[in-house]
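A.B. asks: Predicted model and sequence follow; I will ask about them next.
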2 protein chains.
Amino acid sequence: MSSHLDREIDSLKEKLLSLSQLVEENLSMAVKSIKNRDLELSKKVRATDSDIDKREVEVEEECLKLLALYQPVAIDLRFVIAALKINNDLERIGDLSVSIAKRVRFLTEFPTADFPYDYEELAKEAKSMVKKSIQSLVAMDSQLARQICIDDDKVDMLNKKSIELVYNKISEKPENTQAYIHFLSISKNLERIADYATNIAEDVIYLVDGDIVRHEGAEL
Amino acid sequence: MSSHLDREIDSLKEKLLSLSQLVEENLSMAVKSIKNRDLELSKKVRATDSDIDKREVEVEEECLKLLALYQPVAIDLRFVIAALKINNDLERIGDLSVSIAKRVRFLTEFPTADFPYDYEELAKEAKSMVKKSIQSLVAMDSQLARQICIDDDKVDMLNKKSIELVYNKISEKPENTQAYIHFLSISKNLERIADYATNIAEDVIYLVDGDIVRHEGAEL
């Protein structure tokens, strides 16, 4: 049986999927802008983030409309509430991409300083976690969501490794301290993106299995 | 006229206020644990955070019950949705207090390194913003909420000043680099707490005035 409400929920899933794709693309663009010290590209990241913000507002309005019109209960109500929270987290991941892209301006002053850690691996992991988190919501797949919580430990480990490498670089080349601290912040931002993906996964686990999984992000 | 729904909404407001007080107290405790390098106190911050997590889950369940039982519309529906998001943000502020308290363990290795910036002012501002953000929700006071967005600029400025002071300290005493980077992270965490308070304020402005205010946190 496919009710109006079911169709609305399917449409909501599609919108979140499409928003997530935009968020993932913008993250890739942010990392590329840093890699190439590309100021134009970093501005494009900001512009795309405005689109993300608009779409987040639209999705939230969609959820409110759905609640008011269909007054869903049980699992449908829980789904809409999870969608609201996840929508919010996607927008915040968008903000973190902007935060990464913003460093380009500072880093152009340090042309000889480069990432002291494997940012490509870290960015790839974080992006893949965002993708999987929304896939787990759309498919209501708590197994996949639980996998994301495991992936997050890997990202935490990579971030810790980055911190070590940054410390070493600062003692090697103290004249580039500011640049290295920007690289440290980028690693931290990628780790925070992974944390948001983990939050999304936790919402999916609660939605599907009813288990509360409280993740305490490793912070530095 | 006071309906059942009105009373439930009042009770929800009280719960958020009380959760916010706990979050504010735990933030003070976290900052104190750093100031005194007090490992026992930092453990207490973690324990209190478990209470915050439990209470966040309870408030969310309360919101879901309210939606299912009363099927609110218009401003009541918007209030419950704002409460859900704000509840979530309070829990994340709690996580940031834990992140601050966690540094105690590292900082005991650097007994001679101290805050290179005025952490007390920064912490006071961030805490006051959290308090005011929940007050603005309870009183549905968008004027107060708009004030918080202005306060956030001050916190961003203080955080930027901290970064400068940390850079200077690193070049003065490179042997304490790791400690200074922990202090940098604490400043960043306080700035993120202020950002969450600002997010709460933005939700209140949207709820009361219907204006979308998108705050882009200054990041480093």
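C.D. replies: Cool, the structure landed. Residues are numbered from 1 along each chain as shown, chains lettered A, B, ... in the order given.
A.B. asks: What parts of chain A come near chain B?
C.D. replies: A:53, A:57, A:60, A:63-64, A:67-68, A:71, A:73-74, A:77-78, A:81, A:84-85, A:88, A:95, A:98-99, A:102, A:163, A:167, A:170-171, A:174, A:177-178, A:181-182, A:184-185, A:188-189, A:212, A:214, A:216-217, A:219-220 (C-beta under 8 Å from any C-beta of the partner chain). Every residue, glycine included, has its C-beta placed from N, CA and C.
A.B. asks: Filter those residues down to just the ones in helices.
C.D. replies: A:53, A:57, A:60, A:63-64, A:67-68, A:74, A:77-78, A:81, A:84-85, A:88, A:95, A:98-99, A:163, A:167, A:170-171, A:177-178, A:181-182, A:184-185, A:188-189 (DSSP state H).
A.B. asks: For PyMOL, write the select line for the buried members of the residues you listed.
C.D. replies: In PyMOL, this line selects whichever of these come out buried by 16 or more other C-beta atoms under 10 Å in any protein chain shown:
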select buried, chain A and resi 53+60+63+64+67+77+78+81+84+85+88+95+98+99+163+167+170+177+178+181+182+184+185+188+189
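A.B. asks: any idea how far chain B is from A:Leu41?
C.D. replies: 18 Å (C-beta to the nearest C-beta, to the nearest Å).
A.B. asks: burial of that residue, as a residue count?
C.D. replies: A:Leu41 has 17 neighbouring residues, counting by other C-beta atoms under 10 Å in any protein chain shown.
A.B. asks: Quick check: it touching A:Lys35?
C.D. replies: No - counting by C-beta atoms under 8 Å, A:Lys35 is not a contact partner of A:Leu41; they are 9.6 Å apart.
A.B. asks: quick one: contacts for A:Pro116?
C.D. replies: By C-beta atoms under 8 Å, 6 or more residues apart in numbering or on different chains, the residues touching A:Pro116 are A:162, A:165-166, A:168-169, A:180, A:183.
A.B. asks: does it count as helix, strand or coil?
C.D. replies: Taken by DSSP: H, G, I helix; E, B strand; the rest coil, the conformation at A:Pro116 corresponds to coil.
A.B. asks: Tell me where chain A is predicted with low confidence.
C.D. replies: Chain A contains residues with pLDDT under 70 at A:1-2, A:214-220.
A.B. asks: Apply 50 and report the result again.
C.D. replies: Scanning chain A for pLDDT under 50 picks out A:218.
A.B. asks: Verify the contact between A:Lys127 and A:Ala30 for me.
C.D. replies: No - at 10.5 Å, A:Lys127 does not count as touching A:Ala30 under the criterion of C-beta under 8 Å.
A.B. asks: more crowded one of the two?
C.D. replies: Under the criterion of other C-beta under 10 Å, the comparison of A:Lys127 against A:Ala30 puts A:Ala30 first, with 31 against 21.
A.B. asks: measure A:Phe110 to B:Gln178 for me?
C.D. replies: 21 Å (C-beta to C-beta, to the nearest Å).
A.B. asks: I misspoke; the intended subject was A:Val59.
C.D. replies: Counting by C-beta to C-beta, the separation of A:Val59 from B:Gln178 is 42 Å.
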